[in-house]
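Undergrad: Model the following, please.
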Amino acid sequence: MKRFFFRPGVQKVWLIALLLTPGVLWVLPAAFFDDTGFSVCPSKVFFNLECFGCGMTRAVMHLHHLDLESALYYNPGVAVIYPALVILWGYWVWKALQRSGWMPARLLSRRMAP
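TA: You can find the predicted model right below:
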């Protein structure tokens with residue numbers, strides 16, 4: 001299964017999905033995930049307690065739309081999580097570009113002579 005995912009064709013599809021995701025999230029309104037009435041958080045479902053991650057999806061969506069005040073209201077941890085997500089997304093795009101063959105694995109193929 002691991003070899004299947006690293007095939008260039010699969011990596012091209014993965015790269016296209018990665019590049020479309022931020023655009024799709026920008027097209028959706030910032031309040032798309034607000035007040036859905038549906039929770040997948042186990043601590044909220046079973047114990048009716050909010051965990052440190054509660055509200056993170058809403059916070060990330062609002063910060064993605066540059067609404068800092070609402071993002072911090074839903075979860076202040078978004079100040080750390082959102083930049084980490086952007087860095088992770090960039091890393092995935094970089095690796096998918098390399099694995100798909102659209103970018104060389106090494107930018108400098110030869111070492112410079114000393």
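
Undergrad: List the contacts of the longest helix seen in the chain.
TA: When the chain is parsed with DSSP state H, its longest helix is helix 78-100. Here helix 78-100 makes contact (Cβ atoms under 8 Å, 6 or more residues apart in numbering) with 6, 8, 11-12, 14-15, 18-19, 21-22, 56, 59-60, 63-64, 71-72, 75, 103-105. Placement of C-beta: from N, CA and C, glycine included.

Undergrad: Rounded mean pLDDT for it, please.
TA: What helix 78-100 shows for mean pLDDT is 92.

Undergrad: Which parts of it count as buried, going by neighbours?
TA: 78, 82, 95-97, 99-100 (16 or more other Cβ atoms under 10 Å).

Undergrad: measure G77 to S100 for me?
TA: G77 is 33 Å from S100, where distance means Cβ to Cβ, to the nearest Å.

Undergrad: swap that for W92, please
TA: According to Cβ to Cβ, W92 stands 12 Å off from S100.

Undergrad: Equivalent analysis for V45, please.
TA: 39 Å.

Undergrad: go on, F52?
TA: From F52 over to S100 (counting by Cβ to Cβ), the distance is 36 Å.

Undergrad: Show me the shaky parts of this structure.
TA: Flagging of the chain using pLDDT under 70 yields the residue ranges 1-2, 104-114.

Undergrad: Tell me who's in contact with L18.
TA: Applying Cβ under 8 Å, 6+ apart, the residues contacting L18 are 89, 92-93, 96.

Undergrad: nope, P22 is what I meant
TA: If you count contacts by Cβ under 8 Å, 6+ apart, then P22 has 64, 89 around it.

Undergrad: element containing it?
TA: If you go by DSSP states H and E, P22 is part of helix 8-27.

Undergrad: What residues sit buried inside that helix?
TA: If you call a residue buried by 16+ other Cβ under 10 Å, then helix 8-27 has these buried ones: 11-12, 14-15, 18.
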